[in-house]
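Novice: Just to be clear, the model below is a prediction. Sequence and coordinates:
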Amino acid sequence: MTATTLATAPRELILLANATDVLGGVTAWTHQMARLFAAHGHRVQVVGIHEAELKLTLPEPPAYPVTALYPSHPPTPWRPRSPLAYFDLRARRREAARVADKRRAVAHLSEIFRAAGPGALVIVTQVWPMEWVLEADTAGLRLIGMSHESYEYSKRCHRFRWIKNSYPQVDRWLTLTQEDADAWIAEGFDNVGALPNALGALPELPSPRTEKTVASIGRLDDQKGIDLLLESWSLMAAERPDWRLRIYGAGQDAAALKKQCTALGLDGSVEWMGRTDDVAGALAASSVFVQSSRGEGFPLALMEAMASAVPCAAFDCAPGVREIITDGEDGLLAPPGDTAALADRLLRLTGNPRLRDTLGDRARVNVQRYSEAEILRRWHELFELLDR
């Protein structure tokens, strides 16, 4: 499909995220969709609340406007904890400055919205930016709210309250799976739908699966569960002395995780690769992919591994994971947080070349149901629905 054969009229689209440049899957998804929409004739811009410190490297410079409302993460609101705190003049001045900065940011966002004109679509890719959207001038716009995490993961944190307060006010509220959509409908929402992430380009050649390497790719933070992965690896490393675990990623927990690795006696079999901008290369050099997350939405890294024909072992931590992987057919799932079970799945994959080949080849075929063309078609159906 090209811009000349677009199934829907060209539109003004604004994708709004926490940050436009932060290292992470939502940022990668935001720019993937922005490129896809722009390539098919839509007028696109990407807006972030703030610029990030730990930045994502994009595959190519954006061919669409990218704006950050703040140069760095804005401070949280000041809440006095006692009557005496009201006499803290420094705190009051900082709060006054924060309020003034937010007023300017909202005014800037309103200018962007007004310039887009009536009928423009604002796709709020994460929940936090709704704080600014709801204060901005959205007259004549259509609002689509999204969450890139599962219902259960949202319910365990403050974002559950944010969604309950903000997303009844959007025209359409999108989860990544129908299972999650049904859970939110049970919470009383009547504007919920489901739209999965899109797979990027399929690698021309699959991984040869010749290296005795297991790969993990993701941020080094609590959500990604690298501490759980290290525990699992410690249960199996002695049985696979010729295999290596390569951990790709950066994040705030890096030092603590490396300390844990040493304490578990794994320094000889675990390689800390740092962040990578060559995911395809990392997967091509791997024979197994592992995902140990505590929570996920619709993980791009998992889809990328499957597209490279790398068989996957993962915690069944979210509907998106079990929608992507069919256990025993194109990957192996373990109960969430069960490190012994994850070790078992890794032992099965590392010890059985025929199983690796079978699951990897099926994965490469099955994951193509999330092709960019198919997901774009579903987005266009949604745009047409919102016009009615």
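Specialist: Structure's in. What do you need?

Novice: quick one: the strands in this protein?
Specialist: Remark: strands of the chain, listed N- to C-terminal, are 12-19, 43-50, 66-70, 121-124, 142-146, 172-175, 192-194, 213-217, 244-248, 270-274, 288-291, 312-315, 332-334; assignment by DSSP state E.

Novice: Minimum distance to residue 85: which of these has it?
Specialist: Counting by C-beta to C-beta, residue 85 lies closest to strand 66-70 out of the strands of the chain; the figure is 25.4 Å. The way it works is simple: take the backbone N, C-alpha and C, and place the C-beta from them, glycine included.

Novice: Let me know the angle separating that closest one from strand 43-50.
Specialist: What separates the directions of strand 66-70 and strand 43-50 is an angle of 30 degrees, with axes from the mean of the first three to the mean of the last three C-alpha atoms, to 10 degrees.

Novice: How about residues contacting strand 66-70?
Specialist: Counting by C-beta atoms under 8 Å, 6 or more residues apart in numbering, the neighbours of strand 66-70 from elsewhere in the structure are 19-21, 45-51, 101, 105, 108-109, 112, 132.

Novice: Buried only: go through these for me.
Specialist: Neighbour-count burial within these applies to 19-21, 45-51, 105, 108-109, 112, 132; the criterion is 16 or more other C-beta atoms under 10 Å.

Novice: and which of those is nearest residue 89?
Specialist: Minimum distance to residue 89 across those is 24.5 Å, recorded for residue 105 (C-beta to C-beta).

Novice: That closest one and residue 225: what is the separation?
Specialist: 34 Å (C-beta to C-beta, to the nearest Å).

Novice: what do you get for residue 115?
Specialist: Computed with C-beta to C-beta, the distance linking residue 115 and residue 225 is 42 Å.

Novice: next one: residue 211
Specialist: With the distance defined as C-beta to C-beta, residue 211 ends up 24 Å from residue 225.

Novice: Compare these two (neighbour count), which wins?
Specialist: A side-by-side neighbour count of residue 211 and residue 225, using other C-beta atoms under 10 Å, places residue 225 first with 25 against 16.

Novice: check contacts around that one.
Specialist: With contacts taken as C-beta under 8 Å, 6+ apart, residue 225 has the following neighbours: 292-294, 315, 337.

Novice: Throw the residues you listed into TSV and include neighbour count and pLDDT, thanks.
Specialist: As requested, the contacts of residue 225 are arranged in TSV below (neighbours: other C-beta atoms under 10 Å; pLDDT from 0 to 100):
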residue	neighbour count	pLDDT
292	25	98
293	27	97
294	18	96
315	27	98
337	15	97
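
Novice: close enough to count as contact, residue 297 and residue 159?
Specialist: No - Residue 297 is beyond contact range of residue 159, at 11.7 Å (criterion: C-beta atoms under 8 Å).

Novice: Fine by me, thanks again.
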